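Student: Everything below, folded, please.
(one chain, ligands or ions: 1)
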Amino acid sequence: MAASMAQMLPVQFSSRRSLGPSSSARRCGKVANSLQCSRICGLRNVGFSSSLPSPRQDFNRMECNGYGAASRFARQVIRSDMEKESGKVLNKQGAGKSWVSPDWLTGLVQMVKGKDESGIPIADAKLEDVQDLLGGALFLPLFKWMKESGPIYRLAAGPRNFVIVSDPQMAKHVLRAYGTKYAKGLVAEVAEFLFGSGFAIAENQLWTVRRRAVVPSLHRKYLATMVDRVFCRCAERLVDTLQAADEKGVAVNMEARFSQLTLDVIGLSVFNYDFDSLTSDSPVIEAVYTALKETESRSTDILPYWQVPFLCQIVPRQQKAAKAVALIRETVEDLVAKCKKIVDEEGERLEGEEYINEADPSVLRFLLASREEVSSTQLRDDLLSMLVAGHETTGSVLTWTVYLLSKNPSAYQKMQEELDTVLGGRNPTMEDVKNLKYLTRCINESMRLYPHPPVLIRRANAPDTLPGGYKLGAGQDVMISVYNIHHSPAVWERAEEFIPERYIPFSGGPRKCVGDQFAMLEAIVALAVVLQRFHFSLVPNQTIGMTTGATIHTTSGLFMNVKARQKKPAAELASI
Ligand code: HEM
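Tutor: This next block holds a predicted model:
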């Protein structure tokens, strides 16, 4: 799987021609199910109104009529449980309000800058576009403007100026040139308050050194150990929770559950610490969400007032973010201190990459045992990078995969048949994972339709020319809209449909995800354990809106009815 993950991005990208200013047509990329088409470049309207974010949902109005013997009483029980659950839905309001600039200010900035000779069209982005798309998911207006302006456009709002790229070749060009022509730039600026010097946002030599130190901790033997010891164990806990919900006949907010599951997984894998958030409330989840939401807001604030320390102390949004970061840092520092004490006492030394400590096979233990020269702040920030990057991402992938399966009964059935055939009721091992091909494809296709994060940001270090001849000046901020690329009918046949036989990646170039294999294993195991035991169906009459907090979240949770599945007799399994 390691090789295939690493190879997929170039394959997908290289199979497409780039779209220059004068191109009028292009071919779709080769996808696993051999969909091939040629198509005129003009982007057709892709309707996704059913998924448009809606204002916060009123759970009292939700009807839960999906139960066979749904008496009025039973419905009330479900409803009150959903209300209770809705209390656990994160506070997702607030983003998207940042991109506010009066036309006169934008016009003035453009006048001062002089003529734009880049060849890049300027999107007709109106304030109303953002305000209309309530819920705060910036990637949604970016999609709307792609349909109007094409695969590359400039977004100018006051002094802020982004080039939005929605073309695979251009995206590949930018991502691969990290470290030479491009830097993380804005991301590093707006996320520094959270990640500090952590390698998720570090640049240049510091990033190179720290990434090299951390990546070997995720070696194959470690991952194999995690499958049984952590991934299956945490998924079993979720099974217990779902069992209880099934017995009581109450609906479950699966988004909240998956977020708890993935926090438990990352806690045990990175720190050997059990957050146990499936059974007890963990304030870290809300804190991570708040902090990530703040980074997103900062990236679209017209004026970076948060660079002024005094304002950070008095503005409520900044106070809230600072509190969240303090909690996350304290948690990580505490875990580092505990582990350091044990390792110091043991005077342990690491020998070779394949080494893992049987008693504590965590990333933290690996880093401490390596005795590499590293300050405690750097260690904290690197581990914080892993905690934050590895938690919500996988949680969101699980959420949207289950959502898509429940909306696509034939794919759901095919996936269940695969689980029954390959596993026959037992938990998966590392070996089984390669045989769960269809489930893997379902997860990949879910990441195409709901990419996390939906937008990647880079800054040009020097003037550059993108495929198609578009010119970028030094310092230009570029947003690669992965969401647009994944939903573009110019790139994909039947772009809005869930067709598991195609792929999408974990970014590309030097800064691609370090946890891709970890995350895929975690997601496959979690879904294999849970979907084997239960059948999920959407609670009717929910509006599943989208918002962001680095990854794509629902606006109000994903409420599902859960029913234990009947075990298939062995004879029946053999005939599948
Ligand atoms: C399905 C789940 C996941 C998805 C979709 C995902 C996606 C991504 C993406 C797209 C990037 C690159 C961002 C960019 O190019 O600017 C990234 C970076 C990163 N990811 Fe993941 N990720 C996932 C799970 C994980 C896990 C489980 C871990 C940790 C065990 C992790 C750790 C990291 C780190 C540390 C980086 C920064 C790498 C660097 O800058 O050198 N991710 N992830």
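Student: Would you map the helices across the stretch 201-350 of the chain?
Tutor: 204-214, 220-226, 233-248, 254-266, 283-300, 309-314, 316-346 (DSSP state H, counting those that start in this stretch).
Student: Lowest mean pLDDT across these, which one is that?
Tutor: Mean pLDDT per stretch puts helix 283-300 lowest among the helices of the stretch 201-350 of the chain, at a mean of 86.
Student: Tell me which of the helices of the stretch 201-350 of the chain sits most buried.
Tutor: helix 254-266 (a mean of 26; mean count of other CB atoms under 10 Å). C-betas here are computed from N, CA, C, even on glycine.
Student: Helices along the stretch 351-500 of the chain, start to end?
Tutor: For the stretch 351-500 of the chain, the helices defined by DSSP H, counting those that start in this stretch occupy 363-369, 376-407, 409-423, 430-433, 437-449, 482-487.
Student: can you give me the angle the longest one makes with helix 409-423?
Tutor: In other words, helix 376-407. For helix 376-407 against helix 409-423, the angle by axes from the mean of the first three to the mean of the last three CA atoms, to 10 degrees is 120 degrees.
Student: now helix 376-407, how far from the centre of its chain.
Tutor: Distance of helix 376-407 from its chain centroid, counting by CA atoms, centre = their mean, to the nearest Å, is 7 Å.
Student: now swap in the fifth one and tell me
Tutor: When C-alpha coordinates are averaged (CA atoms, centre = their mean), helix 437-449 and its chain have centres 14 Å apart.
Student: what about that helix, average pLDDT?
Tutor: The average pLDDT within helix 437-449 is 96.
Student: And for it, what's in contact with it?
Tutor: Identification of contacts with helix 437-449 by CB atoms under 8 Å, 6 or more residues apart in numbering yields 32, 397, 400-401, 404-405, 411, 414-415, 418-419, 433, 486-487, 492, 496, 498-504, 520, 523-524, 527-528, 531.
Student: What about the ligand: which of these touch it?
Tutor: Filtering these for neighbours of the ligand using CB under 6 Å from any ligand atom leaves Val397.
Student: Domain-wise, how is the chain divided?
Tutor: With domains defined by automatic domain parsing, the chain comprises 5-42+101-575, 43-96.
Student: tell me the most buried of those domains?
Tutor: Scoring the domains of the chain by mean neighbour count under mean count of other CB under 10 Å gives domain 5-42+101-575 as the most buried, with a mean of 19.
Student: Please report how far Tyr483 lies from the ligand.
Tutor: As defined by CB to the nearest ligand atom, to the nearest Å, Tyr483 lies at a distance of 12 Å from the ligand.
Student: For the closest residue to that residue other than its chain neighbours, give me its contacts.
Tutor: Nearest non-adjacent residue to Tyr483, counting by CB to CB, 6 or more residues apart in numbering: Pro454, 3.8 Å away. Residues near Pro454 by CB under 8 Å, 6+ apart: 137, 139, 481-483, 548, 552.
Student: give me that answer again for 10 Å
Tutor: 137-140, 142-143, 479-484, 486-487, 546, 548, 550-552 (CB atoms under 10 Å, 6 or more residues apart in numbering).
Student: got it, and Leu268?
Tutor: Contact partners of Leu268, counting by CB under 10 Å, 6+ apart, are 226, 229-231, 233-234, 274-276, 361-362.
Student: wait, which of the residues you listed is closest to Glu296?
Tutor: Looking at the contacts of Leu268 and their distance to Glu296, the nearest is Phe275, at 24.0 Å (CB to CB).
Student: If we ignore the residues flanking it in sequence, what's nearest that closest one?
Tutor: Gly267 (4.3 Å).
Student: Can you tell me how far the one you found is from the ligand?
Tutor: For Gly267, the distance to the ligand - CB to the nearest ligand atom - is 11 Å.
Student: Close to the ligand: what parts of the stretch 451-576 of the chain are there?
Tutor: 452, 456, 506-507, 511-515, 518-519.
Student: Identify the residue of this structure closest to the ligand, quick one.
Tutor: Distances between the chain and the ligand by CB to the nearest ligand atom are smallest at Gly515, namely 2.2 Å.
Student: Read off the pLDDT value for that residue.
Tutor: At Gly515, the model reports a pLDDT of 93.
Student: Ramachandran angles for it?
Tutor: phi -100, psi 20 (degrees, to the nearest 10).
Student: Where does pLDDT dip in the chain?
Tutor: By pLDDT under 70, the low-scoring segments of the chain are 1-106, 108-110, 112, 114, 126-136, 158-159, 348-355, 503-505, 567-576.
Student: Geometric centre of it: which residue is closest?
Tutor: Closest residue to the average C-alpha location of the chain: His452 at 2.7 Å, with CA atoms, centre = their mean.
Student: Please identify the nearest residue in space to that residue, excluding sequence neighbours.
Tutor: In this structure, His452 finds its nearest non-sequential neighbour in Thr551, 3.7 Å apart by CB to CB, 6+ apart.
Student: Beta-bridge partners for that neighbour, please?
Tutor: Here Thr551 shows beta-bridge partners Gly549, assigned using DSSP bridges.
Student: my read: it touches Val482, true?
Tutor: No: in this structure, Thr551 is not within contact of Val482 by CB atoms under 10 Å, at 11.5 Å.
Student: so who does Leu242 touch?
Tutor: 252, 254, 257, 530, 533-534, 536, 560, 562-564.
Student: surely Asp432 meets Gln532?
Tutor: No: between Asp432 and Gln532 there is no contact under CB under 10 Å: 11.4 Å.
Student: where do the contact lists of these two overlap?
Tutor: 419, 422-423, 426.
Student: Over to Phe536. Which of the three states is it?
Tutor: Three-state call for Phe536 (DSSP: H, G, I helix; E, B strand; the rest coil): strand.
Student: Same check on the one 4 residues further on?
Tutor: Secondary structure state of Pro540, per three-state DSSP, is coil.
Student: now the one 3 residues further on
Tutor: In terms of secondary structure, Thr543 is coil; the call rests on three-state DSSP.
Student: any idea how far it lies from Ala235?
Tutor: Between Thr543 and Ala235 the computed distance is 29 Å (CB to CB, to the nearest Å).
Student: What of Ala359?
Tutor: In this structure, Ala359 and Ala235 are 22 Å apart, going by CB to CB.
Student: before we move on, back to that, for Thr551 and Val482, list the residues in contact with both.
Tutor: Counting by CB under 10 Å, 6+ apart, the common neighbours of Thr551 and Val482 are 451-454.
Student: Which member of those residues is positioned nearest Phe193?
Tutor: Pro453 (17.7 Å).
Student: so the closest one sits right up against Ile552, yeah?
Tutor: Yes: using CB under 10 Å, Pro453 is in contact with Ile552, at 8.0 Å.
Student: Need the residues touching each of these two.
Tutor: Residues touching both Pro453 and Ile552 (CB under 10 Å, 6+ apart): 139, 392, 396, 483.
Student: Alright, that wraps it up for me.
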